[in-house]
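Asker: For reference, the sequence and a predicted model appear below.
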Amino acid sequence: MIFFKTAVPTAETDQDDGHDQNATMVAGGNDAARDCAGKLDKGAEEIRVSPERHAAAAARVPDTLKADIQFAYRDIRRFAEAQRESIGLMRGRRVPVDGDDPLPDAVPLSWSWGC
């Protein structure tokens with residue numbers, strides 16, 4: 001068989017290493033997760049952020065950015081709540097089964113997307 005294009009070879013990965021790391025973290029709890037995070041992040045900072053550090057970081061964010069984030073949050077939430085209340089998308093098309101006229105001899109084909 002002749003191929004005009006072939007896939008680029010990808011590097012092989014050893015999934016067993018990832019499964020072993022996950023099993024070690026699950027078995028070791030927070031201490032094992034903290035050790036792994038320290039190795040991957042090249043540092044061993046505390047996982048929990050203190051209220052003081054949180055407040056200091058929040059103070060560095062400009063008020064205009066905070067207002068923009070709040071505006072986006074309210075807009076996204078309003079849209080999501082309205083979407084939850086809707087019945088979903090209804091679409092349809094009539095396809096002729098017999099004859100030339102699509103309306104009398106048509107079968108409705110449709111799909112819906114709703115929750």
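Answerer: Looks like it came in fine.
Asker: Show me which positions of the longest helix anywhere in the chain end up buried.
Answerer: Counting residues, the longest helix found in the chain (DSSP state H) is helix 15-41. By neighbour count on 16 or more other C-beta atoms under 10 Å, the buried set for helix 15-41 is M25, R34. All C-beta spots, glycine's among them, are computed from the backbone N, C-alpha and C.
Asker: quick one: average confidence on it?
Answerer: On average, the pLDDT along helix 15-41 is 80.
Asker: what's the following helix or strand after it?
Answerer: helix 51-59 (DSSP states H and E).
Asker: Next, the buried residues of that following helix.
Answerer: Buried-residue list, helix 51-59, by 16+ other C-beta under 10 Å: empty.
Asker: Next secondary structure element downstream of it?
Answerer: helix 63-85.
Asker: Which other helices and strands does that next one contact?
Answerer: For helix 63-85, there is no helix or strand it packs on, judged by 3 or more C-beta pairs under 8 Å, 6 or more residues apart in numbering; DSSP states H and E.
Asker: Compute the inter-axis angle for that helix and helix 51-59.
Answerer: Helix 63-85 runs at 100 degrees relative to helix 51-59, counting by axes from the mean of the first three to the mean of the last three C-alpha atoms, to 10 degrees.
Asker: could I get helix 63-85 in CSV with only the CA atoms?
Answerer: C-alpha atoms of helix 63-85 as CSV (Å, rounded to 0.1, in the frame of the first residue of the first chain):
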residue,chain,number,x,y,z
ASP,A,63,-9.2,47.5,41.5
THR,A,64,-10.1,47.8,37.8
LEU,A,65,-9.0,44.2,37.2
LYS,A,66,-11.1,43.1,40.3
ALA,A,67,-14.1,44.9,38.9
ASP,A,68,-13.6,43.3,35.5
ILE,A,69,-13.4,39.8,37.0
GLN,A,70,-16.6,40.4,39.1
PHE,A,71,-18.4,41.7,35.9
ALA,A,72,-17.3,38.6,34.0
TYR,A,73,-18.3,36.3,36.9
ARG,A,74,-21.8,37.8,37.1
ASP,A,75,-22.2,37.6,33.4
ILE,A,76,-21.1,34.0,33.1
ARG,A,77,-23.2,33.0,36.1
ARG,A,78,-26.3,34.7,34.7
PHE,A,79,-25.8,33.0,31.3
ALA,A,80,-25.2,29.5,32.9
GLU,A,81,-28.3,29.9,35.1
ALA,A,82,-30.4,30.9,32.0
GLN,A,83,-29.0,28.0,30.0
ARG,A,84,-29.8,25.6,32.8
GLU,A,85,-33.5,26.7,32.6
